[in-house]
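Visitor: Give me coordinates for this.
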Amino acid sequence: PCIIDRKKAILSPITIMTYVLYLCHMNDVKPLYSEDGSDGLPPFDTRDIVICDEVHKMPDIVQNWCSPEFSEDYDMGELGKLIDFINSEGLFEPDEREECTTEHLVEYQHKIVDFIYDKPTAFSYYMKYFRIQDAIASKIDKIRDIFENKEFGGGKLSKDDKAVLFACSWLENRHTRFATYPKIVENIGYQNLVINSVYVNKTKSFNHKKFCINCVYEEWLVNEFFNNKSKHEVMMTATVGDYGLFQREIGVGLWEYNRQFNDFKYLRIPTTFNYKISPIYMIPDYKMSYAYKDQNLPHVVEIIDLILQSHKNQKGIIHTGSYEFARKLFDNASTETKNRLLCYSNSKEKEYVLDEYNYCTDKVLAGPTLVEGIDLPDDNCRFMIVMKVPYPSLADQLVRAKKDVIPFWYDGETMKTIVQSLGRGIRHKDDWCITYIVDGSFENIYDKMEGRISPEIYERFKKVTK
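Guide: Got it, this is the predicted structure:
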């Protein structure tokens with residue numbers, strides 16, 4: 001069925017696919033075919049028009065798709081299998097055999113991280129790592145020929161043979177990402193790259209289990225790997241945030257490394273929702289930032305208790321910002337509030353509490369991952385509480401770099417997340433949901449964002465004072 005559906009999609013004038021699949025076909029698959037069509041047509045060729053939904057997610061999607069990622073255990077396992085097999089078959093040239101070792105790969109990836117703040121040196125080791133991986137990747141066709149000849153001769157592939165073939169496919173996908181970054185450096189320079197941890201061990205050293213290389217200028221990535229692969233685009237989202245930042249993020253704004261899209265047009269469709277019945281109350285008294293969270297937590301929990309008392313027999317959401325705050329809220333809340341709270345500590349538990357929430361009349365969901373992906377119309381959500389402003393984590397090196405380089409990005413990204421969360425409880429034009437922002441840190445963002453977000457959203461905010 002999968003193959004049949006894929007053939008139908010190839011032949012169809014209209015095809016629905018994910019961003020990642022589109023990126024793979026336009027950047028990885030299509031270049032394998034000649035432009036004159038002498039060796040056939042690519043399965044998905046350039047379409048006349050591409051319609052992009054939820055386009056505010058595109059920068060993150062493109063970044064994740066093309067970012068090289070290292071993993072000390074897994075990388076050496078797959079690359080090590082290929083190196084061993086290539087050596088056993090004598091496929092390396094003499095100069096390659098000396099350089100292409102797992103010891104060198106381990107050494108170079110450690111050097112990349114050791115020189116995280118010395119980008120020229122870090123990238124020089126990246127290129128050494130890349131050249132080894134490139135030499136291994138160049139042998140993939142020969143490896144497959146060996147196994148095809150073995151099967152053609154009546155032999156059967158062993159478990160180890162299949163593991164090597166799997167490693168070939170794994171490396172093909174991986175190597176595309178690694179080949180991207182020399183091109184990025186050539187166009188915008190290594191000073192715009194950051195080395196980012198994906199999983200950090202408890203010592204918080206740079207001996208990461210996983211780390212990746214990111215590009216600060218995501219608009220260059222979007223323009224290079226998405227916009228330039230499409231004839232015409234319609235980009236849609238209900239979460240624009242700051243228009244100037246949005247234009248830049250999707251690769252159509254004026255910036256140092258980009259041309260201006262003179263044929264770019266922006267159309268804002270007026271809302272049909274009645275937001276007058278869905279006010280957003282800001283309570284500015286108690287900040288929940290790192291410096292103030294311990295002293296202000298009891299006051300914030302007390303406010304949340306009062307809000308829940310005023311919404312008896314109604315269902316709602318509390319955006320806690322982290323699992324830690326969800327736990328502290330539950331531990332410090334009144335008994336009445338505790339009896340209503342549905343908390344969770346991981347994605348599996350979240351599934352269970354969502355099921356329970358759907359079959360109750362007065363429960364309250366509390367957790368950090370309720371901004372997107374849930375649909376709670378009408379009585380399923382009549383109030384929301386933002387306990388902690390969802391600032392992007394400054395432990396993320398990419399976030400830190402973008403904050404330093406792109407004016408208003410950090411506050412704009414935070415506001416965009418809040419706007420996205422507001423949509424969980426208002427799903428149609430007659431729906432309503434009252435929101436309370438109890439983290440006093442939000443007042444600073446509110447002041448900066450005047451004139452930078454939708455007027456329908458901005459006019460909903462009401463400051464509550466003692």
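Visitor: Could you point out which residue ranges in the stretch 301-450 of the chain have low pLDDT?
Guide: For the stretch 301-450 of the chain, no stretch has pLDDT under 70.
Visitor: That one: helices as residue ranges?
Guide: Along the stretch 301-450 of the chain, the segments classed as helices by DSSP state H, counting those that start in this stretch run 323-332, 335-340, 347-358, 397-405, 409-422, 442-448.
Visitor: Now the third one: buried residues?
Guide: Of the residues in helix 347-358, Lys350, Val353, Leu354, Tyr357 count as buried by neighbour count, 16 or more other C-beta atoms under 10 Å. For the C-beta atoms, the positions are set from N, CA and C on the backbone; glycine is no exception.
Visitor: What of stretch 456-466?
Guide: Neighbour-count burial for stretch 456-466, counted by 16+ other C-beta under 10 Å, picks out Ile457, Arg460, Phe461.
Visitor: if we can go back for a sec, of all the helices of the stretch 301-450 of the chain, which one is nearest Thr101?
Guide: Nearest to Thr101 among these is helix 397-405 (29.3 Å), distances taken as C-beta to C-beta.
Visitor: Now do the buried residues in the closest one.
Guide: Of the residues in helix 397-405, Gln397, Leu398, Val399, Arg400, Ala401, Lys402, Lys403 count as buried by neighbour count, 16+ other C-beta under 10 Å.
Visitor: now stretch 431-449
Guide: In stretch 431-449, counting by 16+ other C-beta under 10 Å, buried: 431-443, 445-446, 448-449.
Visitor: end-to-end on it?
Guide: With C-alpha to C-alpha, to the nearest Å as the measure, stretch 431-449 spans 26 Å from end to end.
Visitor: Find me the pLDDT at Asp161, would you?
Guide: Asp161 carries a pLDDT value of 91.
Visitor: what helix or strand is it on?
Guide: Using DSSP states H and E, Asp161 sits within helix 159-188.
Visitor: could I have whichever helix or strand comes after that helix exported to PDB, CA atoms only?
Guide: The helix or strand immediately downstream of helix 159-188 is strand 193-199, counting by DSSP H and E. The C-alpha trace of strand 193-199 is given here as PDB (Å, rounded to 0.1, in the frame of the first residue of the first chain):
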ATOM      1  CA  LEU A 193      27.900  28.800  13.400                       C
ATOM      2  CA  VAL A 194      27.400  27.500  16.900                       C
ATOM      3  CA  ILE A 195      28.200  24.100  18.500                       C
ATOM      4  CA  ASN A 196      25.200  23.100  20.500                       C
ATOM      5  CA  SER A 197      24.600  20.300  22.900                       C
ATOM      6  CA  VAL A 198      21.600  18.000  22.400                       C
ATOM      7  CA  TYR A 199      22.000  15.900  25.500                       C
END
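Visitor: And the nearest residue to Ser67 once chain neighbours are set aside, how close does it get to Gly241?
Guide: Nearest in space to Ser67, with sequence neighbours left out and distances taken as C-beta to C-beta, 6 or more residues apart in numbering, is Cys212 at 4.7 Å. To Gly241, Cys212 is 25 Å away according to C-beta to C-beta, to the nearest Å.
Visitor: Phe152 now?
Guide: Distance from Phe152 to Gly241, by C-beta to C-beta: 58 Å.
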